[in-house]
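In: all I have is the shape, not the residue letters:
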């Protein structure tokens, strides 16, 4: 293959690679990229929407990323979880959760009290300044899910739309 043809193929490959990285791509991000300002904003909004279940009982909170299925769940990194320390809630790594019988309640292994599972289920960029997110929570047999629209303006991410999903 001559040098001109090699350069042309390299250029075409580079253009196709850049097109695949377009920020308006509607594919969800890889899970390791959920730990960004938009992901934090989505979870902070979710926390403000949590119901006051068992008000007199101390609770733990664990953040998971992506889908939860039979293979388990992907815990958020400790570094990402530390972003929420200003909320003065007890956050634990989802690896420290335990399933207890008889009704398979998910608990903090240390306290054996039921834990809120906060799920950043989906996060995708829809433009250079907007995101779509799907978040959910569960506590014992209760749960909820929201679809959110997030906008970044003046360097600050905020929720500009919310829709409850299912019941």
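Out: Great, that's in hand. Because the structure is predicted, anything quoted here is derived from the model rather than measured. Numbers count the residues shown, from 1 in each chain.

In: as a check, name the ranges of all helices in the chain.
Out: For the chain, the helices defined by DSSP state H cover 3-20, 37-49, 78-81.

In: can you give me the neighbour number for the closest residue in space to residue 106 that isn't next to it in sequence?
Out: Excluding its sequence neighbours, the residue lying closest to residue 106 (CB to CB, 6 or more residues apart in numbering) is residue 97, at 5.3 Å. Glycine gets a C-beta too; all of them are placed from N, C-alpha and C. Look at residue 97: counted by other CB atoms under 10 Å, it has 18 neighbours.

In: now do the one 5 residues further on
Out: Other residues within reach of residue 102, judged by other CB under 10 Å, total 5.

In: can you give me the pLDDT of it?
Out: Looking at residue 102, its pLDDT reads 85.

In: same check, this time on residue 3
Out: Residue 3 is assigned a predicted lDDT (pLDDT) of 41.

In: how far off centre is stretch 120-134?
Out: For stretch 120-134, the gap between its own C-alpha mean and the chain's C-alpha mean amounts to 10 Å (CA atoms, centre = their mean, to the nearest Å).

In: contact partners of it?
Out: Outside stretch 120-134, the residues that touch it by CB atoms under 8 Å, 6 or more residues apart in numbering are 23-29, 33-34, 36, 38-39, 42-43, 63-67, 76, 135-136, 145-153, 157, 165.

In: mean confidence score for that stretch?
Out: Averaging pLDDT along stretch 120-134 yields 95.

In: so residue 148 bridges to which residues?
Out: Bridge pairing for residue 148 (DSSP bridges) gives the partners residue 133, residue 162.

In: residues contacting residue 107?
Out: 97-100, 113-115.

In: now do 7 Å
Out: Residues in contact with residue 107 (CB atoms under 7 Å, 6 or more residues apart in numbering) are 97-98, 100, 113-115.
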